[in-house]
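Asks: Would you be able to build a 3D model of this:
(chains A and B)
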Amino acid sequence: MTNEEILKNITVFIHDVLEAPDLNVTPETSAADVDEWDSMTHIQLISAIEKSYKIRFALGELQTLKNVGDMVNLIQKKLNN
Amino acid sequence: MNSDLTVFNREGIKVPDALVKKEYQTIKQFLLDHHSSDADAVAIKQTKDYRYLLTMLACAEIGTTYIPLKPDYPMDRVSQIKEDSKFTVLMDDEKMSEVLAYTEKLKTELPVVSGAKNVYVIFTSGSTGRPKGVIIRRSSLENFLGFMDQTFTQVTAQDRLLQMTEFSFDLSVMDVALFLTKNVGMYFSNFENNIFKLGFEIDTHRISVLNTVPNTLNMFLSDAVADRMDYHCLRVLNIGGARFSQGLYEKCLNYLKPENVDIYNFYGPTEATVYCHYHKLTHDPALDLKGSTITIGHTIPGNKALIVADGVTLGPDQPGELYIGGLQLMREYINSPEQTKNALVQYEGETYYRSGDLAFRNEKGEFFITGRADDTIKHKGFRINLLDIDSYITRLPYIEDSVTIAIPNENTENQTLGFIILKEQKTAKEIKKDLEALLLDYQIPEKMFFVEKYPTNVSGKVCRKSLKEQYLNNLTTTKAL
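Replies: Numbers count the residues shown, from 1 in each chain, chains lettered A, B, ... in the order given. Have a look, this model is predicted:
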């Protein structure tokens, strides 16, 4: 799966969890840019991604995420492992 | 200041003792030389790290009132605060760089500081939008510090505390109190609303002491975080600043074992110097709760509390407004005689703060908060308390949390709206049917909305006002059911 495909997939989750279907999601998008993206929605988003890709993130991995691009890279790394 | 105190920088690296001591002496000397007259006040608006802490401690030592501000406060808010408080220096990051290069020594004698002097002014949001400055006396803070020292005998210099809240929020005084009285090592959190990062910080730094608000703890004890970490390093957990819900209590019982961690429920308005009541959870619901309300326990020594209704002090199990008096009572609201007059009342020959909280006490003298006086509304001719309704709604096992608000209308005086977070899929019809067994028909919210979160204010409390505004502006993303 390419990074572009992962970005496309998680964009759907982000739209759904944040209830912001028109949000333009790019690798640079971060929680700080989006009002709806707070602690609670972040938890829901991570859970949705883990469930969908059948992967598991560690706390150490999750604490480094700065933006959507980091998330895509982390998913890619997990899928390759 | 004791040179053994341990602080860590924002990267989690220990700041050498000698550097802490040197910077502290420099800050103190600068303030002593230039800002130590009775007319002086120091506003602090620095990045939240150990130097912010050192500035507050230096002010306290030389007897200059300090005013902690959030680093990102807009300048118009700072201007309003300056207008009210007449602070004489703004210690922001730029000023701090300048101060750290200070080498003069104009004064050598520390002023003699009496307990009657002001120690800090904390600005709360204020219902009118203009911040209200709560003036706290040194003797009030000393009473609170004495209580902390005597109560937390299990906390030692080996403990590590994660400083989470802004210093502009008085819950942070708890952190400072444990730092000063128990010499706990202090880390500064950068979790920035990423609850996984908070978990990582706690796990990595082996944090044993945490002072936080229920909303943050609620997320911290969510399954998504709990699945990734154990909570074994935590030894002391102090919760305050908002209602401790039954749902959170159950999470605590589930994830935090009494043999590992002591959990305290604190209560108090800023006007009573951080907290005036506390209860150490027993983990036995029969002792911690009455109905679905968790006790706030007894008053901290030096404080007084009465339950008053219609000018009469009430006995056990009778609900009324909580009046708070005693050593920790604020002096006044800065530059606001009218607001002070409304808040501080003379009752039975003493000054009390009208908390606006509805409460009762049991036969053992333990207090319970049941809601806000302004949470009680008239609806269809009946008086109902919105928090009381929420406490019943959250008894349904499939409901995570509930916030009921009222919108005035002509027909029923108020329309009641329930904003509900579900644990599992349910319809409004099913919920209403289940609620019929718990509530009278006029107490059941007329409309229900399913939400995934609530708007919160800067201190992490659910902001009912924002919820109301969202609804009225039709900005809510929820569906009416």
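Asks: From here on, just use CA atoms for contacts and neighbour counts.
Replies: Will do.
Asks: near chain B, which residues of chain A show up?
Replies: Residues of chain A found near chain B (CA under 8 Å from any CA of the partner chain) are A:19, A:38-43, A:47, A:58-60, A:62-64.
Asks: In chain A, what residue lies closest to chain B?
Replies: Scanning chain A for the residue nearest chain B gives residue A:63, at 4.3 Å (criterion: CA to the nearest CA).
Asks: helix or strand for the closest residue to chain A within the stretch 151-300 of chain B, which one?
Replies: Closest contact between the stretch 151-300 of chain B and chain A, by CA to the nearest CA, is at residue B:197 (4.3 Å). Per DSSP states H and E, residue B:197 falls inside helix B:195-204.
Asks: And for residue B:210?
Replies: strand B:209-212.
Asks: Which secondary structure elements does that strand sit against?
Replies: strand B:160-163, helix B:172-182, strand B:236-239 (3 or more CA pairs under 8 Å, 6 or more residues apart in numbering or on different chains; DSSP states H and E).
Asks: what does it contact?
Replies: Contacts with strand B:209-212, where a contact means CA atoms under 8 Å, 6 or more residues apart in numbering or on different chains, come from B:159-165, B:171-172, B:174-175, B:234-240.
Asks: Apart from its chain neighbours, what residue comes closest to the residue positioned nearest the centre of chain A?
Replies: Nearest to the geometric centre of chain A sits residue A:71, at 5.0 Å (CA atoms, centre = their mean). The shortest distance from residue A:71 to any non-neighbouring residue, by CA to CA, 6 or more residues apart in numbering or on different chains, is to residue A:65 (6.2 Å).
Asks: The residue of chain A closest to chain B: how many residues sit nearby?
Replies: Neighbourhood size, residue A:63 [other CA atoms under 10 Å in any protein chain shown]: 17.
Asks: With the one 10 residues further on instead?
Replies: When counting by other CA under 10 Å, one arrives at 17 neighbours for residue A:73.
Asks: again with residue B:76
Replies: Residue B:76 has 9 neighbours, counted by other CA under 10 Å.
Asks: Who are the packing partners of the one helix or strand it maps to?
Replies: Element membership for residue B:76, per DSSP H and E: helix B:75-85. Using 3+ CA pairs under 8 Å, 6+ apart, the elements in contact with helix B:75-85 are strand B:132-137.
Asks: for the strand it packs on, packing partners?
Replies: The helices and strands touching strand B:132-137, judged by 3+ CA pairs under 8 Å, 6+ apart, are helix B:75-85, strand B:118-124.
Asks: so the last one versus strand B:132-137, what angle?
Replies: Between the direction of strand B:118-124 and that of strand B:132-137, the angle (axes from the mean of the first three to the mean of the last three CA atoms, to 10 degrees) works out to 160 degrees.
Asks: in strand B:118-124, what's buried?
Replies: For strand B:118-124, the buried set under the neighbour-count rule, 16 or more other CA atoms under 10 Å in any protein chain shown, comprises B:118, B:119, B:120, B:121, B:122, B:123, B:124.
Asks: Looking at these, spot the one nearest chain A.
Replies: Of these, the one sitting nearest to chain A (CA to the nearest CA) turns out to be residue B:124, at 23.1 Å.
Asks: ok now do that closest one, which residues does it touch?
Replies: Neighbouring residues of residue B:124 by CA under 8 Å, 6+ apart: B:131, B:132, B:133, B:134, B:169.
Asks: So for residue B:326, what's the nearest residue that isn't a sequence neighbour?
Replies: Using CA to CA, 6+ apart and skipping the chain neighbours, the partner closest in space to residue B:326 is residue B:303 (4.3 Å).
Asks: Next one: that neighbour from chain A, what distance?
Replies: Residue B:303 sits 36 Å away from chain A, taking CA to the nearest CA, to the nearest Å as the criterion.
Asks: Give me the number of neighbouring residues for that residue.
Replies: Residues within reach of residue B:303, counting by other CA under 10 Å, total 20.
Asks: In contact with it: list those residues for me.
Replies: Residue B:303 makes contact with B:276, B:324, B:325, B:326, B:327, B:328, according to CA under 8 Å, 6+ apart.
Asks: Over to residue B:203?
Replies: B:229, B:231, B:233.
Asks: show me what contacts the last one?
Replies: With contact set as CA under 8 Å, 6+ apart, residue B:233 has these partners: B:202, B:203, B:206, B:207, B:208.
Asks: do that again at 10 Å, thanks
Replies: The neighbours of residue B:233, taking CA atoms under 10 Å, 6 or more residues apart in numbering or on different chains as the test, are B:159, B:160, B:202, B:203, B:204, B:205, B:206, B:207, B:208, B:209, B:260, B:261.
Asks: circling back: what residues does the helix holding residue B:76 touch?
Replies: The contact list for helix B:75-85, computed with CA under 10 Å, 6+ apart, reads B:40-43, B:45, B:67, B:69-70, B:86-90, B:121, B:123, B:130-133, B:135, B:333-336.
Asks: just to revisit the earlier point, out of the contacts of residue B:124, flag the one nearest to chain A.
Replies: Using CA to the nearest CA, residue B:169 is the member of the contacts of residue B:124 that lies nearest chain A, at 19.6 Å.
Asks: where does the closest one fall, phi/psi-wise?
Replies: phi -110, psi 130 (degrees, to the nearest 10).
Asks: Which residues are in contact with it?
Replies: For residue B:169, the contacting residues are B:68, B:69, B:70, B:122, B:123, B:124, B:241, B:270, B:274, B:458, B:459, by CA under 10 Å, 6+ apart.
Asks: One more: residue B:344?
Replies: So residue B:344 contacts B:271, B:323-325, B:329-333, B:350-355 (CA under 10 Å, 6+ apart).
Asks: backbone phi and psi for the residue of the stretch 251-400 of chain B found nearest chain A, please?
Replies: Closest approach of the stretch 251-400 of chain B to chain A (CA to the nearest CA) occurs at residue B:400, with a separation of 13.0 Å. Dihedral pair for residue B:400: phi -80, psi -50, per degrees, to the nearest 10.
Asks: Was I right to think it contacts residue B:392?
Replies: No. Using CA atoms under 10 Å, residue B:400 makes no contact with residue B:392, being 11.9 Å away.
Asks: Break down chain A into its helices, ranges please.
Replies: A:3-18, A:39-53, A:59-62, A:68-80 (DSSP state H).
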